[in-house]
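Enquirer: just a sequence and a predicted model for now, questions to come.
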Amino acid sequence: MSDRTSFEVIVLGGGPAGTAAATLLARRSHEVVLVRPPSPPAGQLAESVPPSARLLLSELGVLDAVEAAGFYANTGNTVWWANANERGERFGGNEPGFHVDRVGLERVLVAAAEACGVRLLLGMSARSAVQSEHGWSVTCEGTDGGILELSAPWLIDATGRHGLLAREVREPDRSTTTLALVRRFRRPGGWGDDVLGQTLIESYEDGWVWSVPLSAEIRCTTAMVDQRHADLSGVHVGAMLDTELAKTRHLGVLLEHATPEDDGWACPASLYCASQYAQPGLALAGDAGSFIDPLSSYGVKKALASGWLAGVTAHTSLIDAPMTQVAVDFFDAREREVYRSYRRRAAEFFEEAADAYEHAYWSTRAEAARTAGGEGDGLDTDRLEAPGASPVPERDVRTAFEQIRARGSLSAVRGSTVRTVERAAISHQRIVLEQHLATDRHPEGIRFVRSVDLRTMSELAPEHEQVPDLWSAYNGVEAPVPLPDFLTALATAFAAGMLEHRND
C-alpha cells in the first residue's frame, strides 16, 4: 500500500454518505482517502432502503454489489398510525428495496469504494482538522496509537452524529429529545405472510415503534421515546423496550412469541441541522450535517444523496475553480431544503398523532416540525439534479390541471412574462450554470419538475394540440417520463405562467 499522505480529497467516515462521496470522486479520477473508524455500536442498527434509492446506487456504480450482497427484500410498509386503520404501501415491480444491517451495508459500500481506487484507512479516527490557505491538515489516530498526518485541498466530513467539524455549526432542535431503544428478535417459523418483507410502524400515546426484517425470522425493532423521561440508570434497555411495546396494539402482540437476540441498546436520536453545510474546501455530508426522524425510511437514501452531491461539489471545484462558490452554494441550498422538506413531511404525521392522543409528546413535535419545515410542497428526492422543491403551490397546479382536462385542445402559447435566468444545476456529475424559465409569478426560475425539463416541454407545447401527442413528442427528444409525471409538469408550467391557453 502507498505511503502517500497528500490527496485531493479527504473523506472522514465510512458510512453511506462518506462512501458515496469517495466513490464518486474516485470514479472521476481524483485521489481520495477514506478514513473509517472502528465500527460503532450503531452498526447493529437495521434500516430500510426504498426502491427509489436504486437510482442513486446505480449512479454510484454500486447497485450490482448491493444486490449481490443478499440483503432481505424490502417490499413495502405497514403502518398503524394515530389509532387509524392499517395503511399499507406495497412496492410494485420486480425491483424491491433492501432491508439492511448497517455493518453489512457499510462493508459492501467500503469494498466498492476501494475497488474504484479509494485509499482506505480502516480502523483510524480523525482527531483534528485544520484549514489554511494551502488546504486541510488532518491528524488521524489508529487503534494502536499510531499517528498519521493527511493533507488535501478538500475535506468531506461524513462522521455522522459525532460530527468532527459539523458539531461546531449544528443547530439542535431543543424542543424535543429522542432516545432510540433497539433490540433484535427472532421468531422461529417466520412472522407471517402478511408482513413478509414489510417495515412495520406503529404510534402510541407517547412514542412510536418501527420494526425492520433482516430475514424471514429476525426483526430489528426500535422504539423512539422522549429522552427527558427515559432514565437509563440501573434499568435494562430490553426492559425499557418491553414497556414501550406493551403500549402498542399490534407490534407488541406480534413480538409476544419472539425471542430476543441481544440485550438491547440505546442511542440518541434527537434532531439537528447545520447553520452552514459547506464552504470552499469543506462539505458536511449525511448525518454529519443534519439528522431527521426515520419516519419515511429514507435515512440511508438521504445519506447517499448527500454524499453523492458532496462528491459532485468537490469534483466541480477541483476541475473548475471559478465555479467553487457556485457549487458550494448549490450544495448548501439543497441540504437546507432536504432537511426542511423531511420536517414538513414529519409534521403531517405528528399532527395526526397529536389529534389522536392529545399528548405533549406529539403536540411538541408537531409544532417543532412545522416551524422547522416552513412552507413548501416537498423535495423531489428522486431527481438527482434538483436543488430544491418546486415553488409552485400544489393547489395552483391542481387548478391548472383541471383547466387542461376541461378543454378540448391544449391551445398552448408561450407565457407573456416568460424569460430565462441563469441558475446552478447538475450535468454529468458536475455543477454548471444553466438557463431556467422564470415568470413574474416565479422570478427565481424553474427547470425540472418530476424529472421533466420545462424548457423542452414549453418549446414543444405550442406545436401540439393534444396532450398525448405532446407527451410522445417530448419522449422522443428527452429521456422518457411516465405520463403522470408529465401531466404534473405540464400543469405546473401553466400554473407558473410559463404556458398560457390561446384564446381562439
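Expert: Noted; the coordinates are in hand.

Enquirer: pop out the phi and psi values for Asp101.
Expert: Backbone torsions for Asp101, taken as degrees, to the nearest 10, come to phi -90, psi 140.

Enquirer: ok, it to Glu261 distance?
Expert: In this view, Asp101 and Glu261 are 12 Å apart by C-beta to C-beta, to the nearest Å. Yep, even glycine has a C-beta here, placed from its N, CA and C like the rest.

Enquirer: give me the more crowded residue out of those two.
Expert: A direct count of neighbours by other C-beta atoms under 10 Å for Asp101 and Glu261 places Asp101 higher, at 20 against 16.

Enquirer: what's the nearest residue to that one once chain neighbours are set aside in contact with, if anything?
Expert: Spatially, and ignoring its direct neighbours in sequence, Asp101 is nearest to Ala46 (5.3 Å; C-beta to C-beta, 6 or more residues apart in numbering). Contacts for Ala46 (C-beta atoms under 8 Å, 6 or more residues apart in numbering) come out as 99-102, 184, 212, 214, 219-220.

Enquirer: so which of those belong to helices?
Expert: Among those, the ones falling in helices (DSSP state H) are Arg102.

Enquirer: lowest-confidence entry in the contacts of Ala46?
Expert: Taken together, the contacts of Ala46 show their lowest pLDDT at Arg102, with 89.

Enquirer: how many neighbours does that residue have?
Expert: 19.

Enquirer: which phi and psi does Val11 have?
Expert: phi -110, psi 120.

Enquirer: equivalent analysis for Glu422, please.
Expert: Backbone geometry at Glu422, expressed as degrees, to the nearest 10, gives phi -90, psi 120.

Enquirer: any idea how far Tyr298 is from it?
Expert: From Glu422 to Tyr298 the distance is 31 Å (C-beta to C-beta).

Enquirer: Arg343 contacts Phe291, doesn't it?
Expert: No: under the criterion of C-beta atoms under 8 Å, Arg343 makes no contact with Phe291, lying 11.1 Å away.

Enquirer: show me the shaky parts of the stretch 101-250 of the chain.
Expert: Applying pLDDT under 70 to the stretch 101-250 of the chain picks out residues 229-234.

Enquirer: would you map the helices across it?
Expert: Taking DSSP state H, counting those that start in this stretch as the test, the helices found in the stretch 101-250 of the chain are 102-115, 237-245.

Enquirer: switch these over to CSV; also include distance to Ile201.
Expert: Listed next are the helices of the stretch 101-250 of the chain as CSV, based on distance: least, C-beta to C-beta, whole Å:
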stretch, distance to Ile201
helix 102-115, 19
helix 237-245, 13
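
Enquirer: figure out which of these is closest to His359.
Expert: Across the helices of the stretch 101-250 of the chain, His359 has its closest neighbour in helix 237-245 (13.9 Å, C-beta to C-beta).

Enquirer: could I get the CA-only coordinates of the closest one as CSV?
Expert: Output of helix 237-245 as CSV, limited to C-alpha atoms (Å, rounded to 0.1, in the frame of the first residue of the first chain):
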residue,chain,number,x,y,z
VAL,A,237,-32.7,-1.4,27.9
GLY,A,238,-34.6,-4.6,27.0
ALA,A,239,-37.0,-4.0,29.8
MET,A,240,-37.5,-0.4,28.8
LEU,A,241,-38.3,-1.6,25.2
ASP,A,242,-40.7,-4.2,26.6
THR,A,243,-42.5,-1.4,28.5
GLU,A,244,-42.9,0.6,25.3
LEU,A,245,-44.1,-2.4,23.2
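
Enquirer: from the chain's centroid, how far away is that helix?
Expert: 29 Å (C-alpha atoms, centre = their mean, to the nearest Å).

Enquirer: quick check: Ile426 touching Glu434?
Expert: No: look at Ile426 against Glu434 with C-beta under 8 Å: they stay out of range, at 9.1 Å.

Enquirer: of the two, who's got more company?
Expert: For Ile426 versus Glu434, neighbours defined as other C-beta under 10 Å are more numerous around Ile426 (22 against 17).
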